[in-house]
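Participant: got a predicted structure plus its sequence, pasted below:
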Amino acid sequence: MKILTKNDLLSLEDYAKKRNEFRTEVIAIRKNRSVMLGESIRLLFENQQTIQYQIQEMLRIEKIFEVAEIQEELDTYNPLIPTGNNLKATMILEYSNEVERKQKLNQLLNIEKNIYFQIGNHQKVFAICNEDLERQTEDKTSSVHFMRFELNATMIKDFHTAKVEIIANHANYQSTTILSLAQKELLALDFKNNVERCH
């Protein structure tokens, strides 16, 4: 899956015309690529379409049209696009109550380092996290983390047919989610290099 360039993006004017349609499409994509791990952890598996939407929204909100500034946004978000041998996800800790959220973020230090894929009998694939910047302090973690799961060729080959689990194994949060066949087929698209771009 190739990274996005300026030529892939819509101008501010064209995006304004197509935004509602584009947004509806991406909401559907995100829903299908969203995996709950227990009650409070959501993993949103990013792809080219979801990242293009984020960039287009940033350009729209900030009214960015200068080439250099557009490139800065591309450089920021392109690393979140899977590159053919990995899955990339935004992890969100969801606690609607502010008091509870503050307490949980304190209790869940390093939660992102304790989440992994188990694909059949292969070795565990732990997330490589927050490569852009540190997202926790000494006493609390962030509610958003960016994760990369690197798979080898055999894991990718077995992804469709093997039992695929996502596991959180933290002292204060344990949960396992088994991916359905539909979820596996959808995420397996990230291992292809010819995914159609969204415009």
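Facilitator: Perfect, I can see it now.
Participant: contacts and neighbour counts: CA atoms only from here.
Facilitator: Noted.
Participant: show me where pLDDT drops low in this structure?
Facilitator: Scanning the chain for pLDDT under 70 picks out 1, 132-137, 193-199.
Participant: quick one: the strands in the chain?
Facilitator: Under the criterion DSSP state E, the chain contains strands at 34-37, 41-45, 86-93, 115-119, 125-126, 128-129, 144-150, 164-170, 173-178.
Participant: V125 versus the closest residue to L87 other than its chain neighbours, what's the distance?
Facilitator: Once flanking residues are discounted, L87 sits nearest to F149: 5.2 Å by CA to CA, 6 or more residues apart in numbering. As judged by CA to CA, to the nearest Å, F149 and V125 stand 6 Å apart.
Participant: biggest helix in this structure by residues?
Facilitator: When the chain is parsed with DSSP state H, its longest helix is helix 12-32.
Participant: gap between it and the chain center?
Facilitator: 18 Å (CA atoms, centre = their mean, to the nearest Å).
Participant: so what's the nearest residue to V144 once chain neighbours are set aside up against?
Facilitator: Counting by CA to CA, 6+ apart, I92 is the residue found nearest to V144 once chain neighbours are left out, at 4.7 Å. I92 makes contact with 41-44, 143-145, according to CA atoms under 8 Å, 6 or more residues apart in numbering.
Participant: I92 and N121, how far apart?
Facilitator: For I92, the distance to N121 equals 28 Å [CA to CA].
Participant: tell me who's in contact with R23.
Facilitator: Residues near R23 by CA under 8 Å, 6+ apart: Y53.
Participant: so how far is F65 from it?
Facilitator: 20 Å.
Participant: number of residues surrounding the closest residue to I115 other than its chain neighbours?
Facilitator: Of all residues not flanking I115 in the chain, A168 sits nearest, at 4.5 Å (CA to CA, 6+ apart). Residues near A168, counting by other CA atoms under 10 Å, number 22.
Participant: so A168 touches M36, yeah?
Facilitator: No. Using CA atoms under 8 Å, A168 is not in contact with M36; the gap is 11.0 Å.
Participant: from A127, how far out is the nearest residue in space to C129 that is not next to it in sequence?
Facilitator: Counting by CA to CA, 6+ apart, M147 is the residue found nearest to C129 once chain neighbours are left out, at 4.6 Å. Look at M147 and A127: by CA to CA, they are 6 Å apart.
Participant: neighbour count: these two, which is higher?
Facilitator: M147 (25 against 20).
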